[in-house]
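no FASTA, just this:
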C-alpha cells in the first residue's frame, strides 16, 4: 500500500554496490527501507543526500506487513537544516542522538506525539545557539515517550533508584544515585530547551549526567547499547567549558 508520511532518518547503510538500507522514524512508526541502485541513479525523486542522519523528509513509500524491507518511491526534504549541517558541535550531537534513537525506538511502535517531539526538538537545535546541554535534556525528555520518565514525587529524598525510576529515602541495593550525581540529575527535571541556560554545567558535569542517562536507558531498554559516537561526542564537548 502506498502511503505518504513524514520521516526522520536514523541510520543508512550501503548494501552491495549500489543499494541502501535506511531506517527511519515515520508517523507510522519505525520502518526500514531498501532503496535499490541509489548510488547509480540520477533520479531527482531519490537522492543519496536525503538520507543523512536525522534528515527530515516527506516520503512516498510502500509498507508491507510481511516483515520484509519496505520501499520508498519518492522523497523530499520537509525541513532543511542550516547550522546543523555545518556546526561540528551540532553534528556530533546529531550523530550521537541518531544512534540513541535507533537503539531506543522499536519497529512496532507508532506514536504521533513522540514523532512531533523529536521533529520539533531537532528543529530547535538547528535554530538556536545555546545548545551545549541539548542532548542531555533531549534524552531526559524522551523518556516520557519511552515509558520510564522519572517519578519526581519525593524528590527531596537522598537516593534515586535507577531501576525503579523513583526517589527513595532508604538506600537501594544497587543502581542508584546519591550525593553530587543526584544533585545534577535532579537539576534537569522539568527543564525545557529554552530553560537550559539555567543549567550552569561545565564539561565534567555534562559527562556525569550523560553517563547517568545512558545507564538509565540501558536499565530500561532491553538491547540498548552505548552509541559508537559517544567517544567523539565527549571529545568534542570537552572543548566547551
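It's in. These numbers come from a predicted model, not from an experiment. Residues are numbered from 1 along each chain as shown.

which strand of the chain spans the most residues?
Within the chain, and with DSSP state E defining each element, the longest strand by residue count is strand 2-15.

How far off centre is that one?
Once both centres are worked out by CA atoms, centre = their mean, to the nearest Å, strand 2-15 turns out to sit 15 Å from its chain's centre.

So which elements touch that strand?
Packed against strand 2-15, as judged by 3 or more CB pairs under 8 Å, 6 or more residues apart in numbering; DSSP states H and E, are the following elements: strand 19-26, strand 29-35, strand 56-62, strand 71-79, helix 88-104, helix 112-127. Backbone N, C-alpha and C define where each C-beta goes, glycine included.

Adding distance to residue 43, write those out as JSON lines.
Written out in JSON lines, the entries for those read as follows (distance: least, CB to CB, whole Å):
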{"stretch": "strand 19-26", "distance to residue 43": "13"}
{"stretch": "strand 29-35", "distance to residue 43": "10"}
{"stretch": "strand 56-62", "distance to residue 43": "13"}
{"stretch": "strand 71-79", "distance to residue 43": "9"}
{"stretch": "helix 88-104", "distance to residue 43": "25"}
{"stretch": "helix 112-127", "distance to residue 43": "26"}
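
Minimum distance to residue 215: which of those has it?
When these are compared by CB to CB, helix 88-104 sits nearest residue 215, at 13.2 Å.

Let me know the pLDDT of the residue of the chain positioned farthest from its centre.
For the chain, the C-alpha farthest from the mean C-alpha position belongs to residue 170; by CA atoms, centre = their mean, that distance is 33.0 Å. Residue 170 is assigned a predicted lDDT (pLDDT) of 95.

what do you get for the one 4 residues further on?
With respect to pLDDT, residue 174 scores 93.

Show me where the chain dips below the pLDDT cut-off.
When the per-residue scores of the chain are filtered using pLDDT under 70, the ranges that remain are 67, 108, 239-241.

How is it divided into domains?
Domain ranges of the chain: 2-79, 83-237, per automatic domain parsing.

Could you work out the end-to-end span of the first one for me?
Looking back up the chat, that one is domain 2-79. 22 Å (CA to CA, to the nearest Å).

Pull the distance from that domain to the chain's centre.
A distance of 18 Å separates the C-alpha centroid of domain 2-79 from that of its chain, computed with CA atoms, centre = their mean.

ditto for stretch 208-226
Averaged C-alpha coordinates place stretch 208-226 at 13 Å from its chain's average position (CA atoms, centre = their mean).

Equivalent analysis for stretch 181-195, please.
Taking the mean of its C-alpha atoms, stretch 181-195 sits 18 Å from the chain's own mean (CA atoms, centre = their mean).

quick thing: my sequence starts at 30, can you match it?
Let's use 30 as the start, then, which means that last one is stretch 210-224.
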